[in-house]
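*Asks:* Provide a 3D model corresponding to the input given below.
(one chain, ligands or ions: 1)
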Amino acid sequence: MIIVQNYINGKFESIDSTIEDVNPATGEVIAQIPKSGSLEVENAVVAADSARKSWSDLSLEKRTIWLDKIADVLESKSEEIASLESLDTGKPISLARAVDASRSVANFRFFAEFARDYKSEKFEMDDAINHVILKPVGIAGLITPWNLPLYLLSWKIAPAIVMGNTVVAKPSELTPLTANLLAEVIHEVGLPAGVVNIVHGLGSEAGQSIVEHPKVNLISFTGGTMTGRKVAETASPMFKKLSLELGGKNATIVLDDTNLDDAIPGIARAGFLNQGQVCLCGSRILVSEKIWDEFIDKFVTFVKGMKVGDPSSEDSDLGALVSFAHRDKVESYIHLAQREGGEILCGGKSPKLSSPFDKGAFLEPTIVSNLSHMSRTATEEIFGPVVTLHSFKTEDEAIEMANCTDYGLAGSVWTGDTQRGARIAERLETGMVWVNTWLHRDLRVPFGGIKDSGVGREGGRWSLGFFSEAINICVKES
Ligand code: NAP
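*Replies:* Below you'll find the model as predicted:
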């Protein structure tokens, strides 16, 4: 049993009230975490406030060195990160290694290097020069979900501290283990006390206390659209800087000139990576009617070959969903799809696994056909291993179908003609589109959604901009 503590002002602290953390692949309780409330958040904010001045007085160059130190120690613990993430979330170990562990290290390295290279802007006038400088915002409240726990936490902590802010962070209570490991790493490298504070607990208690605390100047939130709305309702009237990275229901458009043998592994990856629990997953697959039959044959065969099972096995393509409650929610959408007239082409139920995984929150990768593209199943975020298939006649129809949801996060277009793909990509109402690939990330580019998928952008200079206040100093020639 792992005992997770809060990390406040450079010290690990327990409280009497705790929450159990469960391994969703077996149902076993693996850790106890603090059930923090406003008192613990207040202590964390006081710590962040007292660390603020000395941390922001440090040069940017010196702060980047701290990021490098954190990255070095995290990298030495890559295997531990992968194991903890797989245990806590139920995701396959191969994915936890390739994505979660490596990106968490890369986030610290990237923002150290990117901030070092940052050149402040100057705008010359006939008789004056404007100098734009970036100042820290103050205390950053960072709230993150369970699907990519350390990946998303480090994506926020690294730019927040490199720009001179101090941090109060709350990870999802479903997946606290790697945030705890990060606190240990931060402690080991000796980052000044109070610069990073991690408070564990429920969103409605610890999370809400961070959002509503008057001394927290900025909120960076990643999670569901409903929760994002609640966060905005609290933070906006307080004029906090706010970034909301929310849900998605992303289209995958497969054009008639696509080489299906090349594309299907990528389309299946987009649908089912991390058991479909990635905000960017392509869960509505729109296929040209000219290749519909061939696509269904090949796609269903490929997905039937995906192995669901023991997350610690190198052979597993899919592990468990993050919790039993979430598995129930995803299953309820499969039942809804059937009520809406959908035909289940594969999956749709829990796989038969041997002990101890027979008690886990597993679900087979599921393909549903025969639904309207406007049905609830095809337009609401399910966030699990369920995709729907729809056929289209023309490019215009594909674009209209892709744009018909309230979400606008991501999408992908698959084609033999990249110019045609790029032309269609420009007409999609989303923050990000890939052509002939998916989740191919360059950390310098803007990341974020439009419509109900979020407000603001993170990534590269957008993160540096969000985690700072741009101040203009206009100096007139004497
Ligand atoms: P969630 O329920 O919205 O929770 C996200 C975080 O917010 C958790 O730490 C949660 O704590 C906390 N929270 C809940 N209520 C809060 C409140 N009133 N004030 C402050 N914080 C609060 O989302 P989730 O189920 O963890 O994650 C899945 C969602 O995240 C999906 O919709 C997915 O699309 C989205 N997501 C978006 C992106 C993106 O970049 N756009 C990336 C990843 C995931 P508890 O865990 O205790 O509830």
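*Asks:* who are the neighbours in contact with the closest residue to the ligand within the stretch 1-150 of the chain?
*Replies:* The nearest approach of the stretch 1-150 of the chain to the ligand comes at Pro145, 3.1 Å away (C-beta to the nearest ligand atom). From N, CA and C alone the C-beta is placed, and that goes for glycine too. The neighbourhood of Pro145, defined by C-beta atoms under 8 Å, 6 or more residues apart in numbering, consists of Leu152, Ser172, Thr222, Gly223, Gly224.
*Asks:* and the ligand, which of these reach it?
*Replies:* Contacts with the ligand within the contacts of Pro145, as defined by C-beta under 6 Å from any ligand atom: Ser172, Thr222, Gly223, Gly224.
*Asks:* tally of neighbours for the residue nearest to the second one when sequence neighbours are not counted?
*Replies:* In this structure, Thr222 finds its nearest non-sequential neighbour in Glu245, 4.1 Å apart by C-beta to C-beta, 6 or more residues apart in numbering. Each residue near Glu245 was counted by other C-beta atoms under 10 Å, and the total is 27.
*Asks:* just the ones next to the ligand among the contacts of Pro145 now: which is nearest the ligand?
*Replies:* Gly223 (2.6 Å).
*Asks:* Make sure that closest one is actually in contact with Trp146.
*Replies:* No. Using C-beta atoms under 8 Å, Gly223 is not in contact with Trp146; the gap is 9.1 Å.
*Asks:* Those two: who's more crowded?
*Replies:* A side-by-side neighbour count of Gly223 and Trp146, using other C-beta under 10 Å, places Gly223 first with 23 against 20.
*Asks:* tell me the contacts of the more buried one?
*Replies:* Residues near Gly223 by C-beta under 8 Å, 6+ apart: Ile143, Thr144, Pro145, Gly203, Glu245, Leu246.
*Asks:* just the residues of this structure that are near the ligand, which are they?
*Replies:* 143-147, 170, 172-174, 202-204, 207-208, 211, 222-224, 227, 230-231, 245-248, 279, 381, 383, 409, 449, 454.
*Asks:* mind checking the SS state of the closest residue to Asp358 other than its chain neighbours?
*Replies:* Distances taken as C-beta to C-beta, 6+ apart place Lys352 nearest to Asp358, at 7.5 Å, with adjacent residues excluded. In three-state terms, and counting by DSSP: H, G, I helix; E, B strand; the rest coil, Lys352 is coil.
*Asks:* Relative to the ligand, how far out is Lys352?
*Replies:* Counting by C-beta to the nearest ligand atom, to the nearest Å, the separation of Lys352 from the ligand is 28 Å.
*Asks:* Include secondary structure when you put the ones next to the ligand among the contacts of Pro145 into a markdown table, please.
*Replies:* Converted to a markdown table, the ones next to the ligand among the contacts of Pro145 look like this (three-state DSSP):
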| residue | secondary structure |
| --- | --- |
| Ser172 | coil |
| Thr222 | strand |
| Gly223 | coil |
| Gly224 | coil |
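*Asks:* Could you single out the nearest of those residues to Pro92?
*Replies:* Of all those, Ser172 has the smallest distance to Pro92: 19.3 Å, by C-beta to C-beta.
*Asks:* What count of nearby residues applies to the closest one?
*Replies:* Counted with other C-beta under 10 Å, residues neighbouring Ser172 total 24.
*Asks:* Please name the residues that touch the closest residue to Gln277 other than its chain neighbours.
*Replies:* Residue nearest to Gln277 in three dimensions, not counting chain neighbours: Asn147, with 4.5 Å by C-beta to C-beta, 6+ apart. Counting by C-beta under 8 Å, 6+ apart, Asn147 makes contact with Thr89, Asn274, Gln277, Val278, Cys279, Val322, Phe383.
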